[in-house]
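Visitor: Below are the sequence and a predicted model for it; my questions follow.
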Amino acid sequence: MNDGSLLDTHVLLWAVSAPQRLSPSVRSLIQKRAYSVSVASLWELINKGDKDDAPVKDPAAWWDRYIASVGTRVLPIRTRHVLELQQLPWHHRDPYDRILIAQAIVEDLPLVTADREMERYPVRIARP
């Protein structure tokens with residue numbers, strides 16, 4: 001698979017609610033639909049959805065409206081993605097970030113993220 005770039009969850013949220021936070025190149029990538037999102041982002045939103053500071057209060061409805069209904073490419077979590085986790089050092093303890101990194105490595109996709117900690121991994125990073 002090589003569908004442009006893989007968006008980190010916070011970049012996906014910015015694309016929907018605060019596109020001005022994104023660089024012109026990332027906004028262009030999104031307009032051209034040259035990106036994918038991971039099902040791990042939905043997993044993350046659901047697991048954080050009941051917290052007071054949750055970025056999305058109804059993750060299923062949000063996902064349907066902004067991802068599924070517009071035909072956004074969704075990268076499933078595959079066995080080879082999980083196996084790649086064995087190769088990753090423990091710079092980052094966040095399981096969602098770690099699976100996104102593994103997916104980006106396996107699928108040979110740049111990961112669009114503002115998280116500087118991810119630069120410590122052998123993954124191509126694109127800044128939002």
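Guide: Done, it's in.

Visitor: would you list every one of the strands in the protein?
Guide: With strands called from DSSP state E, the chain shows them at 5-7, 35-38, 73-75, 111-112, 125-126.

Visitor: need those in JSON lines with distance to residue 93, can you?
Guide: Any C-beta I mention is one placed from the backbone N, CA and C, and that applies to glycine too. Shown next, in JSON lines, are the strands of the chain (distance: least, C-beta to C-beta, whole Å):
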{"stretch": "strand 5-7", "distance to residue 93": "20"}
{"stretch": "strand 35-38", "distance to residue 93": "18"}
{"stretch": "strand 73-75", "distance to residue 93": "22"}
{"stretch": "strand 111-112", "distance to residue 93": "17"}
{"stretch": "strand 125-126", "distance to residue 93": "19"}
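
Visitor: which stretch among those comes nearest residue 21?
Guide: strand 111-112 (12.0 Å; C-beta to C-beta).

Visitor: returning to that earlier point: how about CSV for the strands of the chain, with mean pLDDT added?
Guide: Converted to CSV, the strands of the chain look like this (pLDDT from 0 to 100):
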stretch, mean pLDDT
strand 5-7, 97
strand 35-38, 96
strand 73-75, 96
strand 111-112, 97
strand 125-126, 94
